[in-house]
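Enquirer: Output the structure for:
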Amino acid sequence: MTIQATRTFSALALAAAIIAAPLAATAASGPHAEGARYHHKADSQKARQHGDRWLRGLDLSQAQQDQIFKIRHDQEQAVYDQKKAVKAAASTLRDLSQTDTFDQAKAKQAADALGQAQGQLALLRAQSMAQVRAVLTPEQRQKLAERHQRKDKSAQATQS
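Expert: Coordinates of the predicted model:
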């Protein structure tokens, strides 16, 4: 293998590792860890909110909880399909990076597919968040904005 090919392979392997790290972290927590949060008997109101930490403390009405549940339920299949696409693309890229003869074109195609799948998943999440925010009252949205400002200030203070 030439030095150029070795560098290219190393760069692609590093890119794959960077892309796969969040996926590994998600897999490590497991679906049951998150599911347990949804179905904790002592906290049924938060279970209706699907564990959305960003909605805690907003005193959602039952009607709001029902609307949020419907939003999440309506997107459930699309999110599931995109998560499967992300997992499949990451697996393909990982498999290609572990072959004896590295095929750059196939790896590029797999990396592009992974990026596309992750982008679609991010878009679905953003759409869902926008739909949920539309359910909130102006006071609840203000409370969220204040929470984000405090979070941003504390993040800036730790970086300084």
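Enquirer: drop to CA atoms for contacts and neighbour counts, all remaining ones
Expert: Noted.
Enquirer: ok, now how distant is the residue nearest to Leu136 when sequence neighbours are not counted from Ala134?
Expert: Distance criterion Cα to Cα, 6 or more residues apart in numbering; nearest residue to Leu136, sequence neighbours excluded, is Gln64 at 7.3 Å. Distance, Gln64 to Ala134, using Cα to Cα, to the nearest Å: 10 Å.
Enquirer: Settle it for me: which of those two has more neighbours?
Expert: Gln64 (17 against 12; other Cα atoms under 10 Å).
Enquirer: what pLDDT does that one get?
Expert: Here, the pLDDT recorded for Gln64 equals 88.
Enquirer: Specify the local secondary structure of it.
Expert: Here Gln64 is recorded as helix under DSSP: H, G, I helix; E, B strand; the rest coil.
Enquirer: so what's Gln109 up against?
Expert: Going by Cα atoms under 8 Å, 6 or more residues apart in numbering, Gln109 touches no other residue.
Enquirer: how close does it sit to Gly115?
Expert: Taking Cα to Cα as the measure, Gln109 falls 10 Å from Gly115.
Enquirer: and if you look at Ala122?
Expert: Distance, Ala122 to Gly115, by Cα to Cα: 10 Å.
Enquirer: In the strand or helix carrying Thr158, which residues are buried?
Expert: Taking DSSP states H and E as the criterion, Thr158 maps to helix 138-159. Buried residues in helix 138-159, counted by 16 or more other Cα atoms under 10 Å: 140-141, 144.
Enquirer: got JSON lines for the residues you listed, with pLDDT and distance to Val79 too?
Expert: JSON lines is the format used below for the buried residues of helix 138-159 (pLDDT from 0 to 100; distance: Cα to Cα, whole Å):
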{"residue": "Gln140", "pLDDT": "87", "distance to Val79": "26"}
{"residue": "Arg141", "pLDDT": "88", "distance to Val79": "25"}
{"residue": "Leu144", "pLDDT": "83", "distance to Val79": "24"}
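Enquirer: Thanks again, I'm all set now.
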